[in-house]
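A.B. asks: below are the sequence and a predicted model for it; my questions follow.
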Amino acid sequence: MSLLRATFAIVGKDLRIELRSRETVSSMLLFALLAILIFGFALELDRTGRQDSAAGVLWVTVVFAGLLGLGRSLGREREQGNLDGLLLAPVDRSALYFGKMIGNFIFIAVITFVLVIPLSILFDVSFFISPLLGLVMLMGVLGYSAVGTLIASMATYTRGREVLLPVLLLPIALSILIPSVRATRDLLAGRAFADVSSFINLLGIMTVIYITLSYLLFDFVVEE
Amino acid sequence: MIDIKGIIKAFGLRPVLRGVDLHIGEGEFLTLFGPNGAGKTTLLRIVASLTKPTGGHVAVGGYVLPQQATEIRAQIGVVSHQPLLYGDLTARENLQFYAQMYGMSDESRIDERLKAVGLGKRGLDLVRTFSRGMLQRLSIARATLHDPPVLLLDEPYTGLDQDAAAILDSVLREVAIQGRTVMMTTHNIPRGIQLADRIAILTNGKIAYCEPADGLTALDFANTYAAVTGMVTTR
């Protein structure tokens, strides 16, 4: 009970601070919109080519925009010296992981769903064809937030964390990125659930593995 | 209440604490002096379960580190160099957040603590608008919110002007009167002696002096400090 309460206290605190400061989501959103625009104009593709590449462009943009938010989530706590305050609370330290992970998931999910609108216009695709597509996007964001929060926490304790975070995270995030792109692309192309179920299953399995590993490892990551 | 035996801590190959032994009884106020880099903050962080010692034994209120770290964290309140507060939240919201983290359901204690540190009328103001003195007082309200029997204070006077330091004095005196066990590190000799029941000096990674503060003057102690550490104090 105290784990849940502490987890949601951290989520509520992060959301309240973000609503007041608008530091994280606004920078992520600006970066993501600019990236989509650059992709839109740099890739001189025909209609079919644009439709085929839309899923890849979406996920690459989400991954890079997400790096901005992940780097700030625990890094800002440490910079301002507030990490000790969280670590002093008499609750299991996994509450800190889950609180930060849910906060990152909300921020990245907001960016992902906002990006769908300019992406639909620039790449001539409709993301509103299947509720399953929304589910795949949510699962992909959850998996990325799960592994990203753990790696960002590790990078927080290093000097060059801005450099180290993408170097450590991107190779691991490929295991989430590949099934997310493939499932999104196939669903956008109108394929049936049976055709994409293997990618969705893989995405689900990887997400569960990363959440479990993070739960087990987080205590060691934040230990000084 | 706090039992420290043979604590060793090394950062890489550099030893900071070389076998610290210290016992602080229930309701006792101990002030720990020592030169910069002596390991005062490291020792406090070890007792607070924030830093893992290389060797030795720490127990707080009968609970042992690291096996019972969660129980120990419930017993202690920490005031450090950093206020551990969020600038984009109000004073009240900060305390509400920490109350949730400590599993407290009674919010009346938040108003009581704000009043106790003289911030009763500033509860709805954003913390980023607070002065250093106000931050430190709010930090004490945060640290005592869950009514911990043990308080760890790491140089609480750092950066405070004379007025703010005097206010902090009265807040700390009240905290001590309430029967809490307090372990404070400071470089401020007059204030450290005034509040303490016992004084200790940590130098070269060991406790080199530990005596009652009764009847001790700041001048006498400054001479002792210089003799023990080989350094002349300016305060």
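C.D. replies: Received it, and whenever you're ready, just let me know what you need.

A.B. asks: what's the neighbour count on A:Arg16?
C.D. replies: A count of nearby residues for A:Arg16, using other Cβ atoms under 10 Å in any protein chain shown, gives 16. Yep, even glycine has a C-beta here, placed from its N, CA and C like the rest.

A.B. asks: I meant A:Gly49, not that one.
C.D. replies: Using other Cβ under 10 Å, A:Gly49 has 12 other residues around it.

A.B. asks: over to A:Gly66?
C.D. replies: 26.

A.B. asks: quick check, it in a helix?
C.D. replies: Yes. A:Gly66 forms part of a helix when assessed by DSSP: H, G, I helix; E, B strand; the rest coil.

A.B. asks: which residue packs closest to it, ignoring adjacent ones?
C.D. replies: With Cβ to Cβ, 6 or more residues apart in numbering or on different chains as the criterion, A:Gly66 has its nearest non-adjacent residue at 4.7 Å, and that residue is A:Ile108.

A.B. asks: the one you found contacts A:Leu67, correct?
C.D. replies: No. In terms of Cβ atoms under 8 Å, A:Ile108 does not count as a neighbour of A:Leu67; the distance is 10.0 Å.

A.B. asks: report pLDDT for B:Gln162.
C.D. replies: Reading off the confidence values, B:Gln162 has pLDDT 78.

A.B. asks: swap in B:Val232?
C.D. replies: 65.

A.B. asks: all the helices of chain B, in order from the start?
C.D. replies: B:40-47, B:69-75, B:91-101, B:108-116, B:132-143, B:162-177, B:189-195, B:218-229 (DSSP state H).

A.B. asks: looking at those helices, which is closest to A:Glu79?
C.D. replies: helix B:132-143 (16.3 Å; Cβ to Cβ).

A.B. asks: skip the chain neighbours and tell me the closest residue to the residue of chain A found nearest chain B.
C.D. replies: Per Cβ to the nearest Cβ, A:Gly81 is where chain A lies closest to chain B, at 2.9 Å. Nearest non-adjacent residue to A:Gly81, counting by Cβ to Cβ, 6+ apart: B:Gln82, 2.9 Å away.

A.B. asks: related to what we said a few turns ago, more crowded one of A:Ile108 and A:Leu67?
C.D. replies: A:Ile108 (27 against 22).

A.B. asks: give me every residue that touches that one.
C.D. replies: A:28, A:62, A:65-66, A:69, A:141, A:144-145 (Cβ atoms under 8 Å, 6 or more residues apart in numbering or on different chains).

A.B. asks: quick one: B:Ser48 from B:Val79, how far?
C.D. replies: If you look again at residue B:48, you'll see it is Ala, not Ser. 11 Å (Cβ to Cβ, to the nearest Å).

A.B. asks: hey, what's in contact with both of those two?
C.D. replies: In contact with both B:Ala48 and B:Val79: B:Leu152, using Cβ under 8 Å, 6+ apart.

A.B. asks: go ahead and confirm B:Pro149 touches B:Gln75.
C.D. replies: Yes. Between B:Pro149 and B:Gln75 there is a contact under Cβ under 8 Å: 5.8 Å.

A.B. asks: give me the common contacts of these two.
C.D. replies: Common neighbours of B:Pro149 and B:Gln75 (Cβ under 8 Å, 6+ apart) are B:Gly61.

A.B. asks: how about the residues of chain A near chain B?
C.D. replies: A:2, A:5-6, A:9-10, A:12-13, A:16-17, A:20-21, A:80-82, A:84-92, A:223-224 (Cβ under 8 Å from any Cβ of the partner chain).

A.B. asks: PyMOL command to pick out the buried ones of the residues you listed?
C.D. replies: Here is the PyMOL selection string for the buried members of these, based on 16 or more other Cβ atoms under 10 Å in any protein chain shown:
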select buried, chain A and resi 2+5+6+9+10+12+13+16+17+20+82+84+85+86+87+88+89+90+91+92
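
A.B. asks: just the ones of the residues of chain A next to chain B in helices?
C.D. replies: A:2, A:5-6, A:9-10, A:12-13, A:16-17, A:20-21, A:84-87.

A.B. asks: which ones are touching the spatially most central residue of chain B?
C.D. replies: Central residue of chain B (Cα atoms, centre = their mean): B:Leu153, 1.1 Å from the mean position. Applying Cβ under 8 Å, 6+ apart, we find B:Leu153 in contact with B:78-79, B:172, B:182-186.

A.B. asks: and if you look at A:Arg93?
C.D. replies: A:Arg93 touches A:87, A:218-219, A:222, counting by Cβ under 8 Å, 6+ apart.

A.B. asks: worst-scoring helix or strand of chain A, pLDDT-wise?
C.D. replies: helix A:47-79 (a mean of 88; mean pLDDT, DSSP states H and E).

A.B. asks: write out the residues of chain B neighbouring chain A.
C.D. replies: Going by Cβ under 8 Å from any Cβ, the residues of chain B near chain A are B:45, B:48-52, B:70-71, B:73-74, B:76, B:78, B:80-89, B:93, B:97-98, B:100-103, B:142.

A.B. asks: buried subset of these as a PyMOL selection?
C.D. replies: Per 16+ other Cβ under 10 Å, the buried members of the residues of chain B next to chain A correspond to this PyMOL selection:
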select buried, chain B and resi 45+48+49+50+51+71+73+74+76+78+80+83+84+85+86+87+88+89+93+97+98+100+101+102+103+142
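
A.B. asks: measure the residue of chain A most remote from its centre to A:Thr61 for me?
C.D. replies: Distance to the chain centre peaks in chain A at A:Asp46, reaching 29.7 Å (criterion: Cα atoms, centre = their mean). Using Cβ to Cβ, we find A:Asp46 at a distance of 21 Å from A:Thr61.
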